[in-house]
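In: Pasting the sequence and the predicted model now:
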Amino acid sequence: MIPSDLAGVPEGAEAPAIIAALRGGDQAEAVWLNGHGGLTFRLPGRHAKWQRGGSVDLGREAERLRWARQYANVPPVVSFTAGDDEQLLVTETIAGTSAVLDPWSGRPHGAARALGAGLRAFHDALPVADCPWTWSTDERIATLADPAERKRLAAADPDPTRIAFYRDLWHTE
């Protein structure tokens, strides 16, 4: 089971107005709550990810999905919208069952193996040399070296332990 303070299946979450206004929005079912308060809803034939604020950049996620779609079975992007204080990424639904739902939720070892195999297949399908993004240590450290980015990351992180870690690591207020 996923710790409730990290992410998981939301209970009783209502669709924000931007989701309710979508075609099929009256049938929106909350299926995921991320660690930053963002919600994913299942709609007929689609999924809609909603995020308040900028703690998660759904626009970058849309770019990556569009690129990866050339090589792997990832959800096709239907639309991306960013407003003053919210973002919305709508994708087509692809076949599969979330690892946080039955039958996987009761089989954590099997779920972990299946997720690992899926991630391995996904990464093997992508042409790493042609990938327009990196996750190098140097780039991540450079990002954290920027005081504004450190402040944004610390403010976006809901875990007070990690906020203290950021503050202590960079000796910032």
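Out: Cool, got the structure. Residues are numbered from 1 along each chain as shown.

In: Name the SS class of the closest residue in space to residue 14 that isn't next to it in sequence, please.
Out: Spatial nearest neighbour of residue 14, chain neighbours left out: residue 30 (7.9 Å); criterion: C-beta to C-beta, 6 or more residues apart in numbering. Backbone N, C-alpha and C define where each C-beta goes, glycine included. The three-state label given to residue 30 by DSSP: H, G, I helix; E, B strand; the rest coil is strand.

In: To what extent is residue 30 buried, counted in neighbours?
Out: Using other C-beta atoms under 10 Å, residue 30 has 18 other residues around it.

In: what helix or strand does residue 110 sit in?
Out: Remark: residue 110 resides in helix 108-125, with elements defined by DSSP states H and E.

In: Show me the contact partners of that helix.
Out: The set of residues external to helix 108-125 that reach it, using C-beta atoms under 8 Å, 6 or more residues apart in numbering, is 1, 68, 71, 72, 74, 99, 104, 105.

In: Only the buried residues of it, if you could.
Out: Under the neighbour-count criterion of 16 or more other C-beta atoms under 10 Å, helix 108-125 has residue 111 buried.

In: Okay, residue 69 and residue 124: tell me how far apart.
Out: Residue 69 sits 16 Å away from residue 124 when distances are taken as C-beta to C-beta, to the nearest Å.

In: quick one, what contacts the closest residue to residue 90 other than its chain neighbours?
Out: Taking C-beta to C-beta, 6+ apart, and ignoring the residues beside it in sequence, residue 90 has residue 78 as its nearest neighbour in space, at 4.2 Å. Residues near residue 78 by C-beta under 8 Å, 6+ apart: 46, 90, 91, 92.

In: If we use 10 Å, what do you get?
Out: Listed by C-beta atoms under 10 Å, 6 or more residues apart in numbering, the contact set of residue 78 reads 22, 43, 45, 46, 47, 48, 62, 89, 90, 91, 92.

In: Quick one, grab the pLDDT at it.
Out: At residue 78 the predicted local confidence, pLDDT, stands at 98.

In: Same check on residue 22?
Out: 96.

In: My guess is it contacts residue 45. True?
Out: No - using C-beta atoms under 10 Å, residue 22 makes no contact with residue 45, being 11.3 Å away.

In: Give me the more crowded residue out of the two.
Out: For residue 22 and residue 45, the more surrounded residue by other C-beta under 10 Å is residue 22, and the numbers stand at 20 against 10.

In: For the more buried one, grab phi and psi.
Out: For residue 22, the backbone dihedrals are phi -70, psi 160 (criterion: degrees, to the nearest 10).
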